[in-house]
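A.B. asks: Have a look at this prediction, sequence included:
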Amino acid sequence: GSISLLDGQATGLNTFATEYGPGIIVLGTANMAMNNARIDGFRISGADQGGAILVNGYTNNFLVSNNRLRGNEGFFGGGVRVGHPELIFQPPAGEQVYVDAQNDNLIIRNNHISQNGGQQGAGGGVSIHTGANGYAVRNNFIVGNFTAGDAGGIGHQGLSDGVIEGNTILLNQSFNQGTPTSGGGILIAGLPAL
């Protein structure tokens, strides 16, 4: 089958300009649920710019479980990144909006996410962005992650609803000498108005 790009994603070499080099990239297809699809039982380390696991869009009902994600780097999060923090679309007769990545009912559970790093955005360990309605981040061990953006451990940024529960979140850090950061462990925040 073919993949579907999200509204606002450029085609060609710049399609995934901030996502080169993820350990695993998940590319879904519009109008096709990913029932029973999962990333389960992997050890991922050494990924650069895209992080360990990058979930692009159109991945409803996807599962990330029982993985060991250690020592990965990403532009917008180093462990698990879901969606895009800055993807904007302007319909022909409307105002600009942040793109709904359609990653609904995603589950991230029972993972060991440690020593990953993000350069900006929200979430050095786990990054959830607009369009992940009904997500669940449960029973993960999230330790020693870092970001120069916000939320060293888990970052939820943009319009989504979900549950974060039962996780062990220790020794995560957000720090940037040039700009204020928030949320060493967890940050839940909206995006600036367009």
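C.D. replies: Nice, I can see it.
A.B. asks: can you tell me how far the residue nearest the centre of the chain sits from residue 178?
C.D. replies: Nearest to the mean C-alpha position of the chain, by CA atoms, centre = their mean, lies residue 81 at 1.9 Å. According to CB to CB, to the nearest Å, residue 81 and residue 178 sit 23 Å apart. Yep, even glycine has a C-beta here, placed from its N, CA and C like the rest.
A.B. asks: Where does the prediction get shaky in this structure?
C.D. replies: Scanning the chain for pLDDT under 70 picks out 1, 13.
A.B. asks: still on that earlier bit, contacting residues around the nearest residue to the residue nearest to the centre of the chain once chain neighbours are set aside?
C.D. replies: Among residues not flanking residue 81 along the chain, residue 127 sits closest, at 4.3 Å (CB to CB, 6 or more residues apart in numbering). Residue 127 makes contacts with 51, 74, 76-77, 79-82, 85, 118, 121, 151, 155, 157, as judged by CB atoms under 8 Å, 6 or more residues apart in numbering.
A.B. asks: what secondary structure does residue 127 sit in?
C.D. replies: strand (DSSP: H, G, I helix; E, B strand; the rest coil).
A.B. asks: ok, back up a step: quick check: the gap between the residue nearest to the centre of the chain and residue 74.
C.D. replies: Residue 81 is 6 Å from residue 74, by CB to CB.
A.B. asks: Likewise for residue 99?
C.D. replies: Using CB to CB, residue 99 is found at 19 Å from residue 74.
A.B. asks: And residue 130, by the same measure?
C.D. replies: Plainly put, residue 130 is 17 Å away from residue 74 if you go by CB to CB.
A.B. asks: burial of the closest residue to residue 45 other than its chain neighbours, as a residue count?
C.D. replies: Distances taken as CB to CB, 6+ apart put residue 71 closest to residue 45, at 4.5 Å, once the chain neighbours are dropped. For residue 71, the count of nearby residues is 15 (other CB atoms under 10 Å).
A.B. asks: shouldn't residue 71 be in contact with residue 46?
C.D. replies: Yes - with contact defined as CB atoms under 8 Å, residue 71 counts as touching residue 46 (6.2 Å).
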